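Asks: 3D, please:
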Amino acid sequence: MGRFVGILVLLLFTVTACAGTGSIRSEGAKDGNQAPDFTLENLEGEKVSLNDFSGRVVLINFWATWCPPCRAEIPDIQAAYQSHQKDGLVVLGVNVGESREAVKPFVDQVQMTYPVLLDEAREVFKAYRVFGLPMSVIVDQEGVVRVRHTGQLTAAQLEHYLDQLLP
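Replies: Residues are numbered from 1 along each chain as shown. Got it, this is the predicted structure:
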């Protein structure tokens, strides 16, 4: 019986870790709370902080190259970034647990033009209590968390969220 429960827990974790579409709220950077600041390096080795973008809407997208739903949502996030950048949208693609050497060729291949930050030690991942990839957090102009979305983010969902926050 104990072995069965262990397998069931492992299966549940696996399904949650790379979920399909959906929205799940959890502890961590909760809706309505100030988003925790963080500083990570981008692919060029420069330090980037969330507070660098105060006064703007920021989409923080936690992802990994090995995650199929992460890969599937990148074109929609890229399109939203291109069409809403003029409205003040910032996208920060936070890669979780992978090295610059693994991430850079992937970013070039899929033509991600928004900033990609490296969370190799998974510190921001833990601070935001991310429990599955992909996960997106949208922070408003005052630095308040307005959306936590776990699972693949579709173009329609992203537009719905942004319509509520962008001018």
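
Asks: Helix or strand for the residue most central in space within the chain, just tell me which one.
Replies: Residue closest to the average C-alpha location in the chain (CA atoms, centre = their mean): residue 61, at 1.6 Å. Taking DSSP states H and E as the criterion, residue 61 maps to strand 57-63.

Asks: contacts for that strand?
Replies: Under the criterion CB atoms under 8 Å, 6 or more residues apart in numbering, residues 35, 50, 70, 73-74, 77, 80-81, 87-96, 119, 124-125, 128, 130, 133-141, 153, 158, 162, 165-166 lie in contact with strand 57-63. For every residue, glycine as well, the C-beta is placed using N, CA and C.

Asks: Tell me which stretches of this protein form helices.
Replies: For the chain, the helices defined by DSSP state H occupy 2-17, 68-84, 100-110, 123-127, 155-165.

Asks: do you know which of these lies nearest residue 43?
Replies: Of all those, helix 100-110 sits nearest to residue 43, with 5.4 Å by CB to CB.

Asks: Could you check how far residue 128 is from residue 83?
Replies: To residue 83, residue 128 is 26 Å away according to CB to CB, to the nearest Å.

Asks: Quote the end-to-end distance of stretch 79-93.
Replies: Distance across stretch 79-93, first residue to last, is 14 Å (CA to CA, to the nearest Å).

Asks: Show me what that stretch is in contact with.
Replies: Here stretch 79-93 makes contact (CB under 8 Å, 6+ apart) with 48, 50, 53, 55-61, 63, 77, 107, 112-117, 141, 155, 158-159, 162, 166-167.

Asks: Next one: residue 38, what pLDDT does it get?
Replies: On pLDDT, residue 38 comes in at 98.

Asks: meant to ask about residue 31
Replies: Reported pLDDT for residue 31: 72.

Asks: Which residues are in contact with the closest residue to it other than its chain neighbours?
Replies: Residue nearest to residue 31 in three dimensions, not counting chain neighbours: residue 145, with 5.5 Å by CB to CB, 6 or more residues apart in numbering. Residue 145 makes contact with 29-35, 137-139, according to CB under 8 Å, 6+ apart.
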